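*Asks:* Here's a sequence, model it:
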Amino acid sequence: MAVDGGANYFKLQHYSTKDLYSYHMVEWRDRMKKKEVSDDFILEVYKYCLKKDIEFVLTPHTESALDVIKKINPPFIKIGSGELGNFPFLDKIKLLDKHIVISTGMHDKEDISRLVENFANYKPGITLLHCTTSYPTPTHSRNLKAITTLKAEYPSIRIGYSDHTDSFTSSIIAVALGAEIIEKHISLDFNIKNAQDWKVSCGPNNFKEYCQVLAESYESISNGALLVQQAENQSMDWAIKRSIAVKDIQIGETLNYSLFTANRCNEGIPISKVNKYIGKVIKSTVQAGDPICESYF
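*Replies:* Residues are numbered from 1 along each chain as shown. I've put the predicted structure just below:
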């Protein structure tokens with residue numbers, strides 16, 4: 001689904017349940033144990049991704065995942081929001097010497113500041129993903145302008161968005177606000193008991209559309225330069241008003257505003273540029289209704 005949809009990366013989460021949850025969290029241990037996969041499974045997925053020419057990335061939730069990360073050599077490592085303040089674990093991730101993408105769900109301003117400070121001298125660098133850890137995130141809790149805040153606060157760090165909503169809307173807005181990477185859950189199964197990721201996931205029926213919408217969003221933003229777009233050139237033939245003679249003009253006459261009007265035409269001096277020709281001598285005869293061209297001066 002990730003390949004067919006057009007995703008740039010495919011990511012899984014890897015952990016040892018016994019190391020992830022305390023024995024006091026009986027219900028959660030039972031839930032997550034059913035989803036636990038082996039290193040061999042991860043390596044099989046990695047090999048499949050190589051065949052399909054899609055980058056494979058892993059989120060390590062426990063130290064047991066670090067050895068398999070070394071084997072797959074991913075382009076970056078993704079850290080979930082749940083590692084809030086877990087600097088001993090993050091320091092071990094640093095030893096893998098990979099770019100690190102970190103979600104900031106449940107982090108306040110001080111938490112994020114401490115996080116960035118921890119990675120201040122980390123040469124592979126980090127990317128911060130704005131995130132709200134709620135499945136699905138209600139509209140009033142998405143706080144997407146935090147992306148703008150993060151970009152202003154940390155101009156040297158890439159900023160992205162981890163989308164835990166049940167629609168396309170937030171991802172599109174995130175792109176418009178400058179998010180450079182978008183993380184979205186995908187699933188083949190829905191309405192799963194004792195699970196929550198499916199509530200915020202795209203599936204086989206809409207993931208490709210989701211990727212297409214985001215690609216369109218990125219391309220639509222462009223570079224912000226105040227230029228005439230190439231796609232507008234053809235429109236200039238019919239939309240721009242140009243100088244059209246209101247009466248016959250003889251050679252030697254001086255151009256003034258009484259001699260022309262502004263009509264849409266594919267020839268003639270654009271009205272926006274006509275001022276620089278006012279007061280100049282016309283070197284060609286022009287019949288009433290014809291365009292007054294730059295070559296006449």
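*Asks:* Name the residues that touch stretch 53-64?
*Replies:* With contact meaning C-beta atoms under 8 Å, 6 or more residues apart in numbering, stretch 53-64 is reached by 2-3, 7-16, 19-20, 42, 45-46, 49-50, 65-66, 68-69, 72, 74-80, 82, 89, 92-93. Bear in mind the C-beta positions are built from the backbone N, C-alpha and C, glycine included.
*Asks:* gap between it and the chain center?
*Replies:* Going by C-alpha atoms, centre = their mean, to the nearest Å, the spacing between the C-alpha centre of stretch 53-64 and its chain's C-alpha centre is 21 Å.
*Asks:* Could you do stretch 128-141 as well?
*Replies:* The gap between where stretch 128-141 is centred and where its chain is centred comes out at 16 Å by C-alpha atoms, centre = their mean.
*Asks:* From residue 161, how far out is residue 114?
*Replies:* Using C-beta to C-beta, to the nearest Å, one obtains 21 Å as the distance from residue 114 to residue 161.
*Asks:* neighbour count winner among these two?
*Replies:* For residue 114 versus residue 161, the count of surrounding residues by other C-beta atoms under 10 Å is larger for residue 161: 29 against 13.
*Asks:* Show me where the stretch 151-297 of the chain has its helices.
*Replies:* Counting by DSSP state H, counting those that start in this stretch, the stretch 151-297 of the chain forms helices over residues 169-176, 207-221, 236-239, given from the N-terminal end onward.
*Asks:* So for stretch 125-133, what gets flagged as buried?
*Replies:* Buried residues in stretch 125-133, defined by neighbour count with 16 or more other C-beta atoms under 10 Å: 126-133.
*Asks:* quick one: contacts of that stretch?
*Replies:* Counting contacts by C-beta under 8 Å, 6+ apart, the residues outside stretch 125-133 that touch it are 76, 81-82, 99-106, 112, 115-116, 119, 141-144, 146-147, 150, 154, 157-162, 164, 174, 179-181, 183.
*Asks:* now with 6 Å?
*Replies:* Outside of stretch 125-133, the residues that reach it under the criterion C-beta atoms under 6 Å, 6 or more residues apart in numbering are 81, 99-106, 119, 141-142, 146-147, 150, 157-162.
*Asks:* Over to stretch 91-100?
*Replies:* Outside stretch 91-100, the residues that touch it by C-beta under 6 Å, 6+ apart are 76-77, 79, 122, 124-126.
*Asks:* Selecting buried members of those residues in PyMOL, what would you type?
*Replies:* The following PyMOL command selects only the buried members of the contacts of stretch 91-100, with burial defined by 16+ other C-beta under 10 Å:
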select buried, resi 76+77+79+126
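*Asks:* Save the contacts of stretch 91-100 as JSON lines, and put in pLDDT too.
*Replies:* Conversion of those to JSON lines gives the following (pLDDT from 0 to 100):
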{"residue": "76", "pLDDT": "98"}
{"residue": "77", "pLDDT": "98"}
{"residue": "79", "pLDDT": "98"}
{"residue": "122", "pLDDT": "98"}
{"residue": "124", "pLDDT": "98"}
{"residue": "125", "pLDDT": "98"}
{"residue": "126", "pLDDT": "98"}
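*Asks:* Show me the contacts of stretch 91-100 that map onto strands.
*Replies:* When DSSP state E is applied, these are split such that 76-77, 79, 126 fall in strands.
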